[in-house]
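Engineer: kindly generate the corresponding structure for this input.
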Amino acid sequence: MPQAATSDAAGQAPPAAKLPLFTLTALVVGSMVGAGVFSLPGRFAEETGVAGALIAWTIAGTGMLMLAFVFQSLAVRRPDLDAGVYAYAKAGFGEYLGFFAAFGYWASTCVGNVAYWVLIMSTVGSVWPVLGDGDTAVAVVLSSIGLWAFFWMIRRGVKEAAAVNKVVTVAKLVPIVFFVVLALVYFRPSVFAGNFRGADYSGSLFSQVRGTMLATVFVFLGVEGASVYSRHARRRSDVGRATVLGFLSVFAVFASVTIVSYGIMPMAEIAGLRQPSMAGVLEAAVGTWGRVFISVGLIVSVLGAYLAWTLMAAEVLFVAAQDDDMPRFLRRANAVDVPVPALLMSSLLTQVVLIATSFSDDAFDFALNLTSALSLIPYLLAAAFAVRLGVRDDPRTEGGRTSRRELVVGVVATVYTAFLLYAAGPKYLLVSFVLYAPATVLFVMARREQGRRLFSPAELVVLAVSVAGAVLGVVALVAGWISL
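Structural biologist: Residues are numbered from 1 along each chain as shown. Okay, here's the model as predicted:
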């Protein structure tokens, strides 16, 4: 193992590894195609029928495509900004909100990684009951072993880890595409028609669609993957291309997996399936081998996505520290360009949340929904920054003020992410504040290292809001108003 090498006094790191378009696109696809796609049939069937699913995917697809265009545009217009979500929030709305975006995005990736381990253990738990639904003591121990094994592998270098991810991305798409093809072969029009309007428990069409929103956010997390790795791109223009290519590829897969499942089983039965529900749907169509086939594909897929998300988590902390928005110890990288302290901190948070899920009523759904909620504020700030560039002159914007088309795209993306915050409801937002507020300690550490004033008047307002939200969240948890 190479020894860690600290950056110099100016915060300079070793030269970044340069990645081509295909590898950047694989990082985007690898980030998005993970645990979420294998849970889509059950998650959607719990909330809505075919009609609601079509509307939900139309809204989610349009909204996330606008976000993809936002990241594509910002990569070209502001090539001076690295690390995507974090950098855009800081440039548009100041250091403290930029810090919140960095922390929220980082925390969402760590919690998302917990969902991956839970789903892997739940999958194996169908044949090894001691693992339960992925939240037993044995499951937590095995997940922890896997977590730290990945830590040591990634520590070897970004190039090696990205190369592994590229191979895994191709491999994991095979069982998903195979599922769609087989589901079409065994598709029953009468079952599909019976699922069209949804069951009685689904409520109004609006409430059905709203109930699916956090699930769609989770599966699309990672659309900004190429933007996060902008400092590693061989050509800056590849960042935007990789973002859009990756999004369009996985959108077709996600929507197909959801819709064809309604033609195999009644939605009430799909909703009652053990996760991963995709395995149960294929088992109903072709028999036991279908569950085994999907289960193996899931493990490959989830491990690949875990790799990509862990890389992105460390990258966000590393760049934030280089910009003096995180403590200096997080800016250190080793001889092969891996930010080891940031990687270690990411693994530690994942470990803590992994242990906490053993106390949750539904470990997988809790981790999935919290991941989505944590990511919404960073996404909202990035989209709002695109709008800001469209209405205000900024000499750092290459090519002058953004076009009317780019402004419209930014507005739609902002409205979409604001709607997602509404759809998330108060529970996960309050729990998010419980994480956000204490994280301010890292911001204070960075300001003290620089001998700067801790908070400006505007930042004090943001601090007060975050602390109030955290206090309310803790009270709600203790009083039982909300539960994990």
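Engineer: what segments of the stretch 301-450 of the chain are helices?
Structural biologist: Assigned by DSSP state H, counting those that start in this stretch, the helices in the stretch 301-450 of the chain fall at 340-356, 363-391, 404-449.
Engineer: highest average neighbour count across the ones you listed?
Structural biologist: Each of those was scored by mean neighbour count; the highest is helix 363-391, a mean of 25, by mean count of other Cβ atoms under 10 Å. For every residue, glycine as well, the C-beta is placed using N, CA and C.
Engineer: is the residue of the chain most remote from its centre in a helix, a strand, or coil?
Structural biologist: For the chain, the largest distance from the centre (Cα atoms, centre = their mean) belongs to Ser190, which lies 35.9 Å off. For Ser190, the assignment made with DSSP: H, G, I helix; E, B strand; the rest coil gives helix.
Engineer: pLDDT at it, what is it?
Structural biologist: Listed pLDDT for Ser190 reads 89.
Engineer: need the contact list for it.
Structural biologist: For Ser190, no contacting residues are found, by Cβ atoms under 8 Å, 6 or more residues apart in numbering.
Engineer: coming back round to it: lowest average confidence across the helices of the stretch 301-450 of the chain, which one?
Structural biologist: When these are ranked by mean pLDDT, helix 363-391 comes last with a mean of 82.
Engineer: please name every helix or strand in contact with it.
Structural biologist: helix 35-45, helix 50-77, helix 85-93, helix 95-125, helix 205-220, helix 404-449 (3 or more Cβ pairs under 8 Å, 6 or more residues apart in numbering; DSSP states H and E).
Engineer: can you add distance to Tyr379 and give these back as JSON lines?
Structural biologist: Output for the helices and strands packed on helix 363-391, formatted as JSON lines (distance: least, Cβ to Cβ, whole Å):
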{"stretch": "helix 35-45", "distance to Tyr379": "16"}
{"stretch": "helix 50-77", "distance to Tyr379": "6"}
{"stretch": "helix 85-93", "distance to Tyr379": "7"}
{"stretch": "helix 95-125", "distance to Tyr379": "9"}
{"stretch": "helix 205-220", "distance to Tyr379": "8"}
{"stretch": "helix 404-449", "distance to Tyr379": "5"}
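Engineer: out of those, nearest to Ala255?
Structural biologist: Ranking the helices and strands packed on helix 363-391 by proximity to Ala255 (Cβ to Cβ) places helix 50-77 first, at 4.6 Å.
Engineer: who's in contact with stretch 126-139?
Structural biologist: 117-122, 124-125, 142-143, 274-275, 279, 291, 295, 357-358, 360, 362-364.
Engineer: kindly recompute the last result at 7 Å.
Structural biologist: Stretch 126-139 is contacted by residues 118-119, 121-122, 124-125, 274, 357-358, 360, 363-364 when judged by Cβ atoms under 7 Å, 6 or more residues apart in numbering.
Engineer: ok, then the element right after the helix or strand of the chain with the lowest mean pLDDT?
Structural biologist: Counting by mean pLDDT, DSSP states H and E, the chain has its least confident helix or strand at strand 4-5, which shows a mean of 38. Using DSSP states H and E, the helix or strand that follows strand 4-5 in sequence is helix 21-32.
Engineer: ok, the closest residue to Pro426 other than its chain neighbours - contacts?
Structural biologist: Ranked by Cβ to Cβ, 6 or more residues apart in numbering and with sequence neighbours excluded, the top spatial neighbour of Pro426 is Ile482, at 7.6 Å. By Cβ under 7 Å, 6+ apart, the contact set of Ile482 is 427, 430, 476.
Engineer: let's see the pLDDT reported for the last one.
Structural biologist: So the one you mean is Ala476. Reported pLDDT at Ala476 in the predicted model: 84.
Engineer: how far away is it from Val431?
Structural biologist: Using Cβ to Cβ, to the nearest Å, Ala476 is found at 9 Å from Val431.
Engineer: cool, and Leu97?
Structural biologist: Plainly put, Leu97 is 20 Å away from Val431 if you go by Cβ to Cβ.
Engineer: returning to what we had before: let me have the helices of the stretch 301-450 of the chain in a markdown table, extended by distance to Phe22.
Structural biologist: Formatted as a markdown table, the helices of the stretch 301-450 of the chain follow (distance: least, Cβ to Cβ, whole Å):
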| stretch | distance to Phe22 |
| --- | --- |
| helix 340-356 | 25 |
| helix 363-391 | 25 |
| helix 404-449 | 25 |
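Engineer: and of those helices, who's closest to Arg241?
Structural biologist: Nearest of the helices of the stretch 301-450 of the chain to Arg241, taken as Cβ to Cβ: helix 404-449 at 16.2 Å.
Engineer: so what's the backbone phi/psi at the residue nearest to Pro426?
Structural biologist: The phi/psi pair for Ile482 (degrees, to the nearest 10) reads phi -130, psi 160.
Engineer: flag the shaky bits of the stretch 101-250 of the chain, pLDDT-wise.
Structural biologist: Along the stretch 101-250 of the chain, the model assigns pLDDT under 70 to residues 157-171, 198-203, 222-237, 239-240.
Engineer: could you list the buried residues of stretch 69-82?
Structural biologist: For stretch 69-82, burial by neighbour count (16 or more other Cβ atoms under 10 Å) applies to 69-78, 81-82.
Engineer: what's the closest of the residues you listed to Tyr262?
Structural biologist: Closest to Tyr262, out of all of these and judged by Cβ to Cβ, is Phe69, at 29.9 Å.
Engineer: against Asp80, how distant is the closest one?
Structural biologist: The gap separating Phe69 from Asp80 is 20 Å, by Cβ to Cβ.
Engineer: repeat that for Ala413.
Structural biologist: Counting by Cβ to Cβ, the gap from Ala413 to Asp80 is 21 Å.
Engineer: count the neighbours of Val141 for me.
Structural biologist: 10 (other Cβ atoms under 10 Å).
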